[in-house]
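1. structure of the sequence below:
(one chain, ligands or ions: 1)
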Amino acid sequence: MTSDSRENGSAHKLVSALVFSGKKLVPRVIREHISEYVNSWRTARSPDRALLIKSILPAFGQTSAVAFHKAILWIGCRRYTKNYYSLLEHGGAQCWTLDLDPRVSQWGRAGRHVVGDILNLADIFPDIRFDVILCNGIFGFGIDTSSTQRRAAEAMATVITPGGWLLLGWNTDRIADPVQTQVMKPWFDQASLPSVGERFVVARSTHVYDIFRRCPA
Ligand SMILES: C[S@@+](CC[C@H](N)C(=O)[O-])C[C@H]1O[C@@H](n2cnc3c(N)ncnc32)[C@H](O)[C@@H]1O
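-> Predicted coordinates:
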């Protein structure tokens, strides 16, 4: 054994010991907080986020669906989504947020956030009909099987206006193609969002954005 490999082995043992003792010394809640922060930081810089902020949200802004007095529903909140709501509300619309996990309420729209299940939308919002629903990273992150996706599509269909826009963001390594499996039928048809199109496959990523519109009732 050379002196270099002996030194590398010792360094590796030292790092392992530090990580091990760090795990024992740093309380789990702080480790979880750091991990959430690092994951958010990474996600906020991913190619699908850049596309969402630079192209897709502004494209919705060009439609009449996000104008004054219109209602928007953003499903699934994270630290990095908290800046999206003001972008969506730029033209005077009101954005609501929803997430099943009460721990992420702090990242929802202040004053218009609901803790709840996408499958219960009709009970949660009996009086609101949304002009746009943005459902990004929910299919494949809790709504995983085709039958649950179909139930979620039906639930979204009950709270969206006829002709309302739906953004469905999903990952090819997590779920089957929702257009191929037809889980959005018969409630939603694929639709072309000006300057985005019907489907945007994000380069260097497994992320796909699909655009739908609620079929007339
Ligand atoms: C990967 S994050 C996606 C967050 C965000 N929409 C985005 O664009 O990145 C998935 C979120 O979906 C939420 N979620 C999972 N199943 C849900 C359900 N049945 N109803 C509402 N929210 C759900 C989780 O709590 C989590 O916060």
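
2. tell me the contacts of the residue nearest to Val202 when sequence neighbours are not counted?
-> Closest residue to Val202 in three dimensions, ignoring its sequence neighbours and counting by CB to CB, 6 or more residues apart in numbering: Asp48, at 4.6 Å. For glycine as for every other residue, the C-beta is placed from the backbone atoms N, C-alpha and C. Neighbouring residues of Asp48 by CB atoms under 8 Å, 6 or more residues apart in numbering: 169, 202, 205, 207, 209.

3. which of those residues fall in strands?
-> 169, 207, 209 (DSSP state E).

4. those residues into TSV, with extra columns for pLDDT, neighbour count and distance to Phe68?
-> Conversion of the ones in strands among the contacts of Asp48 to TSV gives the following (pLDDT from 0 to 100; neighbours: other CB atoms under 10 Å; distance: CB to CB, whole Å):
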residue	pLDDT	neighbour count	distance to Phe68
Gly169	98	22	26
His207	97	23	31
Tyr209	98	23	26
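
5. beta-bridge partners for the residue nearest the centre of the chain, please?
-> Taking CA atoms, centre = their mean as the criterion, Asn136 is the residue nearest the geometric centre of the chain, at 3.2 Å. In this structure, Asn136 bridges to Gly169 when assessed by DSSP bridges.

6. ok, it touching Leu166?
-> No: taking CB atoms under 8 Å as the contact criterion, Asn136 and Leu166 are not neighbours in contact, 10.7 Å apart.

7. skipping adjacent residues, who's closest to Thr43 in space?
-> In this structure, Thr43 finds its nearest non-sequential neighbour in Tyr80, 5.5 Å apart by CB to CB, 6+ apart.

8. swap in Gly76?
-> In this structure, Gly76 finds its nearest non-sequential neighbour in Ile138, 5.0 Å apart by CB to CB, 6+ apart.

9. my read: that neighbour touches Trp74, true?
-> No: taking contacts as CB under 8 Å, Ile138 lies outside contact range of Trp74: 10.5 Å.

10. for Pro27, grab phi and psi.
-> The phi and psi torsions at Pro27 (degrees, to the nearest 10) take the values phi -60, psi 150.

11. and it, how many neighbours?
-> Under the neighbour criterion other CB atoms under 10 Å, Pro27 is assigned a count of 9.

12. and the pLDDT for it?
-> pLDDT, Pro27: 82.

13. now the one 10 residues further on
-> Confidence at Tyr37, expressed as pLDDT, is 81.

14. cool, and Ile72?
-> Per-residue pLDDT puts Ile72 at 97.

15. so which strand or helix has it?
-> Secondary structure from DSSP states H and E places Ile72 in strand 71-75.

16. how close does the closest residue to Ala217 other than its chain neighbours get to Ile133?
-> Spatial nearest neighbour of Ala217, chain neighbours left out: Pro162 (5.2 Å); criterion: CB to CB, 6+ apart. Distance of Pro162 to Ile133, computed by CB to CB, to the nearest Å: 13 Å.

17. which of the two has more neighbours?
-> Ile133 (26 against 11).

18. wasn't the more buried one part of a strand?
-> Yes: the assignment for Ile133 is a strand, going by DSSP: H, G, I helix; E, B strand; the rest coil.
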